[in-house]
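# got a predicted structure here, sequence first:
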Amino acid sequence: MMKKLIACLLLAALLLSLLPAALAAQETKITYTGTVKEGSLHLRKTPSATGKVLNTYKKGTQVDILENDGTWCKVQIGKRTGYMMASYLEIKANYPHVGWGATKDDGTVINVRSEESAGASILYKAMSGGVFEVTGESKDWYQVRVGDQFGYLEKSALTVTDGEFALGFSAKADQNSVTVARMHSALREIGSPMTMSRAEGDFTFSITYPDLGIEAADSEISRWTQQIRMLFETDLRQNHPGSQGSLTVEYQALKINSRYESVTLMGEYKVGSLSAEAFLTLNIDAQEGALIPTASLFARNTPWALFCLESGISSLMSTPTDGYAGKPAADWLQYAALGRTGLEFYLPAGRYVPAALGSRKVDVTYFQLADCLGLDDAFMAQYRRVIDPAKPMLALTFDDGPSEETDKIVSVLAQYNARATFCVIGNKVESFSDVLKRTVAHGNEIASHTWTHPHLDQLSVASIRSQLSRTSAIVQEVSGFEIKALRPPYGAVNKNVRNVCKDQGLFIITWNIDTLDWKNRNTNKTYNAIVKGAKNGNIILMHDLYSTTAAAVEKAVPVLVEKGFQLVTVSELLAYHKDGIKTGTVYSNLDPKNMKTE
């Protein structure tokens, strides 16, 4: 009996000793909850506005968030799972948010410790210049979040600013991931490959780089490779004595044309399970034998370059991770390299995107940056948009978005340097803000389709004003685009609508070709309607709500381009009206008889 009692006491003591560790592990698990903000919110079977409604929940209902792509949240309510629109949920994490802490960009290694001690083990390391979410503080230390862990940085290492909690997003699986292994197989079109290596000792390295024969570039490569080798070797000696560390550097070298070249070097430092990555990008004017400074590369329109970068970053993102969704600033452009079809923006892990994502690359086309880059006109002229009124023009228009289908349409238009007009419903813009930004970043036009899609001819003047002004305001706030056109729902227009549009500086667009895509929801029928209705000056009506419409557009655009049509926005089309564009006036097409051809 006594032996059994002793055994039970020992077992109880063992369980009690494990309890704090179990609690600690539970406390470090990052979870998110959401509360329905207003009115009621549908729970849908699929992440789509047309998905089957499983149930409807009233304001104040709490849900557990399993996934979040920025537009839709996969949620659990009791035993039921489904999808809710993210913008209608107040989302919180299960840990305190104090603010954001930026490390000084001084070319050093930042080490996040497991405890509030300079001698504590290191949980995470990265190059300086990154931003951490601060979740607590003591006299000398800040607690910060890194992935699913919480660690500590000395207060002297961070400059903390207030800021509301903002969900960050983890990148879609492997999309535009940048690794040393991938850089090893990258194109090497210029220079002679060179290698420095050390295979013995506690710090080994293999540094591959190009000898370009251009003094300015070769000197910068030499300076950078020596700097990171010394930096990481010093970190190993000071913070990991007795451990084995390694540095690997690989590169990409591109010949863009007879004048411009670019080189990107990536270094990866590893010690145990920890790693840090460093980048160098060089843009070269081979004709002048000189480097192109970042400031002069984007001198013509830095804000637009940042906007295009931001829209590109959002296209990579998926589920929540570090809780950091930084807005690009000028220093984000420092790792931009000239590429085959556009600029390649490298985003080092933990610096511009959450650490858990690893390093990423965002591509922005030369077509998007045609009026932004400080490169010679001979090179950029091929990317600048030129419309020839002597050739047939066609305006594709899309109503009732933005939606999850809009991106597909924007992508195929961008592939053929085509444009369209997207007539958005104002109360949907915030839910699809990233989609709207990408739509604008690719040169498309945004028109108002009112705030709630009412029959405008049945509203008071005050209500008409509100419907239009609210939509214009949210579009400009989210994307910077200034709306100039109204697509009235159902094409319903009266004198009051025309007068309000005139007061607000808007012209009115209807259509002369209706694909009836909303009715047939059939890819082939919509495609046939597009192609059949393609005549010079026509305005074609579609809706970017349906997968069948997106598929029809993907099929139709290359055919229309092959037939010689210039796919233009409505504003681009009407700019060739011989009488000009007049506010408050309704346009259903541009009759070729009324076109200016010069």
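Now that the structure is in, tell me what you want to look at.
# can you show me the strands along the stretch 201-350 of the chain?
203-211, 245-255, 260-271, 274-285, 290-291, 336-338, 342-347 (DSSP state E, counting those that start in this stretch).
# got TSV for these, with distance to Asn444 and mean neighbour count too?
(Glycine included, C-beta is placed from N, CA and C.) Listed next are the strands of the stretch 201-350 of the chain as TSV, based on distance: least, CB to CB, whole Å; neighbours: other CB atoms under 10 Å:
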stretch	distance to Asn444	mean neighbour count
strand 203-211	39	19
strand 245-255	29	22
strand 260-271	28	23
strand 274-285	28	22
strand 290-291	35	15
strand 336-338	24	24
strand 342-347	17	24
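# can you redo those as CSV with distance to Ala93?
Shown next, in CSV, are the strands of the stretch 201-350 of the chain (distance: least, CB to CB, whole Å):
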stretch, distance to Ala93
strand 203-211, 39
strand 245-255, 34
strand 260-271, 30
strand 274-285, 25
strand 290-291, 43
strand 336-338, 32
strand 342-347, 23
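# and of the ones you listed, who's closest to Thr523?
Thr523 lies closest to strand 342-347 among the strands of the stretch 201-350 of the chain, at 30.1 Å (CB to CB).
# which neighbours does that closest one have in its sheet, and in what orientation?
strand 336-338 (antiparallel), strand 360-365 (antiparallel) (DSSP bridges).
# Cys308: which of the strands of the stretch 201-350 of the chain is closest?
Per CB to CB, nearest to Cys308 of those: strand 342-347, 8.6 Å.
# what does that closest one contact?
178, 264, 266, 279, 281, 305, 309, 312-313, 332-333, 335-338, 353, 359-369, 373 (CB atoms under 8 Å, 6 or more residues apart in numbering).
# which of those residues count as buried?
Among the contacts of strand 342-347, those classed as buried by 16 or more other CB atoms under 10 Å are 178, 264, 266, 279, 281, 305, 309, 312-313, 332-333, 335-338, 353, 359-362, 364-369, 373.
# for Met183, which non-adjacent residue is closest in space?
When the adjacent residues along the chain are set aside, Met183 lies closest to Glu250, with 3.8 Å between them (CB to CB, 6 or more residues apart in numbering).
# quick one: contacts for the one you found?
Glu250 sits in contact with 180, 183-184, 186, 208, 265-266, where contact means CB under 8 Å, 6+ apart.
# got any ranges where the stretch 301-450 of the chain has weak pLDDT?
For the stretch 301-450 of the chain, applying pLDDT under 70 flags the ranges 315-326, 356.
# can you do 50?
Within the stretch 301-450 of the chain, the stretches with pLDDT under 50 are 318-324.
# any chance you could map the helices in it?
Counting by DSSP state H, counting those that start in this stretch, the stretch 301-450 of the chain has these helices, from start to end: 302-314, 377-380, 406-415, 426-429, 433-441.
# what's the most buried one of the ones you listed?
helix 433-441 (a mean of 24; mean count of other CB atoms under 10 Å).
# show me how far it is from its chain's centre.
9 Å (CA atoms, centre = their mean, to the nearest Å).
# list the helices and strands it packs on?
Secondary-structure packing of helix 433-441 (3 or more CB pairs under 8 Å, 6 or more residues apart in numbering; DSSP states H and E): helix 302-314, helix 406-415, strand 445-448, helix 461-479.
# and of these, who's closest to Phe379?
helix 302-314 (16.5 Å).
# which neighbouring elements make contact with that closest one?
Against helix 302-314 (3+ CB pairs under 8 Å, 6+ apart) you get strand 342-347, strand 360-365, helix 433-441.
# Cys423: which of those is closest?
Cys423 lies closest to helix 433-441 among the helices and strands packed on helix 302-314, at 11.4 Å (CB to CB).
# could you give the angle of the closest one to strand 360-365?
Inter-element angle recorded for helix 433-441 and strand 360-365: 40 degrees (by axes from the mean of the first three to the mean of the last three CA atoms, to 10 degrees).
# dump the C-alpha coordinates for helix 433-441 into PDB.
Listed next in PDB are the C-alpha coordinates belonging to helix 433-441 (Å, rounded to 0.1, in the frame of the first residue of the first chain):
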ATOM      1  CA  SER A 433      -8.300  47.000 -51.100                       C
ATOM      2  CA  ASP A 434      -5.300  44.900 -52.300                       C
ATOM      3  CA  VAL A 435      -7.200  43.900 -55.400                       C
ATOM      4  CA  LEU A 436      -8.000  47.600 -56.100                       C
ATOM      5  CA  LYS A 437      -4.400  48.600 -55.700                       C
ATOM      6  CA  ARG A 438      -3.200  46.000 -58.100                       C
ATOM      7  CA  THR A 439      -5.900  47.100 -60.600                       C
ATOM      8  CA  VAL A 440      -4.700  50.700 -60.500                       C
ATOM      9  CA  ALA A 441      -1.000  49.700 -60.400                       C
END
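# what residues does it touch?
Helix 433-441 is contacted by residues 70-71, 307-308, 310-312, 314-315, 317, 364, 368, 401-404, 406-407, 410, 422, 424, 429, 446, 475, 478-481 when judged by CB under 8 Å, 6+ apart.
# now Ser243, what are its backbone angles?
Main-chain dihedrals, Ser243, degrees, to the nearest 10: phi -100, psi 160.
# and Ile30, by the same measure?
Phi and psi for Ile30, reported as degrees, to the nearest 10, are phi -90, psi 120.
# go on, Lys74?
Backbone torsions for Lys74, taken as degrees, to the nearest 10, come to phi -80, psi 120.
# just checking, it touches Glu67?
Yes. Lys74 is within contact range of Glu67, at 4.0 Å (criterion: CB atoms under 8 Å).
# tell me the confidence at Tyr124?
On pLDDT, Tyr124 comes in at 91.
# what of Asn55?
For Asn55, pLDDT reads 94.
# could you do Asn111 as well?
For Asn111, the model assigns a pLDDT of 94.
# need the contact list for the closest residue to Ala420 other than its chain neighbours.
Once flanking residues are discounted, Ala420 sits nearest to Leu396: 4.2 Å by CB to CB, 6+ apart. Contact analysis of Leu396 by CB under 8 Å, 6+ apart lists 420-421, 530, 540, 542, 553, 567.
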